[in-house]
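In: predicted model follows, preceded by the sequence.
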Amino acid sequence: MVKKTGSDQAFTATTLHGMGGEPTYGGALSFLRRRYTRDLSGVDVAVTGVPLDLATTNRPGARFGPQAIRRASAMLSWGKPWPWGFDPFERLAVVDAGDCWFDFGRPETIAAAIERHARAILEAGSAMLTLGGDHFISEPLLRAHHARYGPLALVQFDAHSDTWADEGRRLDHGTQFLYAIEDGLIDPAGSVQVGIRTHNDADHGITVLDAAQVEAAGAAGTAREIARVVGDRPAYFSFDVDCLDPGFAPGTGTPVAGGLSTAMARAILRGLVDVPFVGMDVVEVSPPYDVADVTALAAATIALDWLCIVARQRRGRSP
Ligand code: MN
Ligand code: MN
């Protein structure tokens, strides 16, 4: 491990590598104390926030998600993540590239602004880990990833399908994956929804593993099925924090009872170490409804787990 000490490592660290020993309670709040920069040279993964909640149907507040997830991530930035047991930043250069700017007063321009922001990062050669924001942001993010990778396998953790039909292309966090299918951004045959607890009469060809099926199959069985459906397609991981039970993630806009525990979601992820992920977002964290940062901490932890998967793949699977 590259030892880093001192405060404000977001702008004082001399290396992109290694976890640091910065006090949890102070300092500049980049995601996991990574360097806060728009310079993406030599960067493997760029973390970026999209502070949008204009597409939310019920409780708003996800615009505060990126700040809350960064703050919670300070609790995870001091040592090897459990149970991985290695420092993902020894091999993986990760920076916090700041937030996407868009004009909230011109909602018709927002999707294009998010897509431009994402394309610039991907064209610089970095993978993206995006902090939402409500779930609408996944559509322009998928559009940018599709331009680079072609049709994607979507691995969606969510209480909701987000493939409901509407009367047109609205700013709506419940329809974006229907658009993604219609536009060929995702391949339904390689896509899977996990933790669903709402009814949608049409699955649009996506494999659905609802919360009861996850409970019955367990973490290992669920992970095996996800990996089987995805196969060797480039996979985009979209984690709507409302896939978790409201007891584990109260701070979200459309909570649904009977969801996954944080431990179950993490255990499933650990079974996905061989899935060829190309990008991730974690969305729908609404800090005004959160309690003691538990939802933001869950989101930050899931994002760190995903970085550990990517780091492990880069390490040639050792350890
Ligand atoms: Mn969703
Ligand atoms: Mn949802």
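Out: All right, it came through fine. Numbering: from 1, shown residues only. Ligands and ions are numbered 1, 2, ... in the order given.
In: please count neighbours and contacts with C-alpha atoms only from this point.
Out: Noted.
In: residue contacts, whichever residue of the stretch 201-319 of the chain sits closest to ligand 2?
Out: Going by CA to the ion, ligand 2 is nearest to residue 242 of the stretch 201-319 of the chain, at 5.0 Å. Going by CA atoms under 8 Å, 6 or more residues apart in numbering, residue 242 touches 158, 159, 249, 252, 254, 255, 256, 259, 284.
In: in this protein, what residue spans correspond to helices?
Out: All helices of the chain, identified by DSSP state H, fall at 9-12, 65-73, 110-123, 138-149, 176-182, 211-230, 262-270, 294-314.
In: of those helices, flag the one that's most buried.
Out: Of the helices of the chain, the one with the most neighbours on average (mean count of other CA atoms under 10 Å) is helix 65-73, at a mean of 26.
In: so which elements touch that helix?
Out: Other helices and strands packing on helix 65-73, by 3 or more CA pairs under 8 Å, 6 or more residues apart in numbering; DSSP states H and E, are strand 127-132, helix 294-314.
In: what's the angle between it and helix 294-314?
Out: Comparing the axes of helix 65-73 and helix 294-314 via axes from the mean of the first three to the mean of the last three CA atoms, to 10 degrees yields an angle of 80 degrees.
In: returning to what we had before: any chance of the helices and strands packed on helix 65-73 in TSV, plus distance to residue 234 and mean pLDDT?
Out: Formatted as TSV, those follow (distance: least, CA to CA, whole Å; pLDDT from 0 to 100):
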stretch	distance to residue 234	mean pLDDT
strand 127-132	12	98
helix 294-314	13	97
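In: so for residue 277, which of these sits nearest?
Out: Each of those has some distance to residue 277 by CA to CA; the shortest is helix 294-314, at 7.5 Å.
In: so what touches that closest one?
Out: By CA under 8 Å, 6+ apart, helix 294-314 touches 65, 68-70, 72-73, 76, 81, 84, 88-89, 91-92, 129, 241, 248-252, 262, 266, 269-270, 272-274, 277, 280, 282, 285, 287, 290, 318-319.
In: circling back to that earlier point, distance of the residue of the stretch 201-319 of the chain closest to ligand 2 from residue 53?
Out: Remark: distance between residue 242 and residue 53 (CA to CA, to the nearest Å) = 15 Å.
In: same check, this time on residue 299
Out: In terms of CA to CA, residue 299 sits 17 Å off from residue 53.
In: test my guess that residue 86 contacts residue 19.
Out: No. Contact criterion CA atoms under 8 Å: residue 86 and residue 19 do not qualify, at 10.1 Å.
In: more crowded one of these two?
Out: residue 19 (24 against 17; other CA atoms under 10 Å).
In: do I have it right that the more buried one meets residue 81?
Out: No. Counting by CA under 8 Å, residue 19 stays clear of residue 81, with 9.8 Å between them.
In: for the two, list the residues in contact with both.
Out: residue 87.
In: what's around residue 157, how many residues?
Out: 25.
In: beta-bridge partners for it, please?
Out: residue 194, residue 239 (DSSP bridges).
In: contacts only, for it.
Out: Residue 157 neighbours (CA under 8 Å, 6+ apart): 193, 194, 195, 196, 238, 239, 240, 241, 243.
In: hang on, the earlier thing: where among the helices of the chain is the average confidence lowest?
Out: Ranked by mean pLDDT, those bottom out at helix 9-12, which scores a mean of 94.
In: enumerate the residues of the stretch 151-300 of the chain near ligand 2.
Out: 158, 159, 160 (CA under 5 Å from the ion).
In: rerun that using 6 Å as the cut-off
Out: 158, 159, 160, 240, 242 (CA under 6 Å from the ion).
In: now these as a markdown table including pLDDT?
Out: Shown next, in a markdown table, are these (pLDDT from 0 to 100):
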| residue | pLDDT |
| --- | --- |
| 158 | 98 |
| 159 | 98 |
| 160 | 98 |
| 240 | 99 |
| 242 | 98 |
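In: and which of the residues you listed is nearest residue 10?
Out: Distances from residue 10 to those, taken by CA to CA, are shortest for residue 240, at 26.8 Å.
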